[in-house]
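Asks: the sequence isn't on hand, but the structure is:
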């Protein structure tokens, strides 16, 4: 019996996600920064896994972000989003985080987001 390619991709993504989540967990002092990347947008959540709370969110889908930036899919937009996330975490007095890339490889937009967050004072 042949499996559908979509089912195989979903199973592979689930394996990757489980493997990463075994090692990465957020605490109130050092929350987990989760990156979700779609073809069009980039989403970032800061999560405290011990209490099960989302501390902050940011995405290229926000109206304030879309007014300032014309193209939402390029590296420049991900760098700007990284700066926004770093500012929001600084306001909450969070300096160190755990970076969770999800199922996405650490290159391109995900890497530029992480580099921008480091450049603006976050440690991970």
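Replies: Everything's here; your move. Being a predicted model, the structure only gives us computed values, none of them experimental.
Asks: list the buried residues of the lowest-mean-pLDDT helix or strand in the chain.
Replies: Of the helices and strands making up the chain, the lowest-confidence element is helix 63-68, at a mean of 88, by mean pLDDT, DSSP states H and E. Neighbour counts using 16 or more other CB atoms under 10 Å place residue 65 of helix 63-68 among the buried residues. Heads up, the C-betas are built off the backbone N, CA and C, glycines and all.
Asks: for it, packing partners?
Replies: Counting contacts by 3 or more CB pairs under 8 Å, 6 or more residues apart in numbering; DSSP states H and E, helix 63-68 packs against helix 75-91.
Asks: repeat the analysis, applying 10 Å as the threshold.
Replies: Applying 3 or more CB pairs under 10 Å, 6 or more residues apart in numbering; DSSP states H and E, we find helix 63-68 packed against strand 53-59, helix 75-91.
Asks: okay, the ones you listed in JSON lines with mean pLDDT, distance to residue 25 and mean neighbour count next?
Replies: Output for the helices and strands packed on helix 63-68, formatted as JSON lines (pLDDT from 0 to 100; distance: least, CB to CB, whole Å; neighbours: other CB atoms under 10 Å):
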{"stretch": "strand 53-59", "mean pLDDT": "95", "distance to residue 25": "14", "mean neighbour count": "17"}
{"stretch": "helix 75-91", "mean pLDDT": "95", "distance to residue 25": "17", "mean neighbour count": "19"}
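Asks: output those as TSV; include the columns distance to residue 31.
Replies: Converted to TSV, these look like this (distance: least, CB to CB, whole Å):
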stretch	distance to residue 31
strand 53-59	6
helix 75-91	8
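Asks: out of those, flag the one nearest residue 108.
Replies: helix 75-91 (7.1 Å; CB to CB).
Asks: could you check the angle strand 53-59 makes with the closest one?
Replies: 150 degrees (axes from the mean of the first three to the mean of the last three CA atoms, to 10 degrees).
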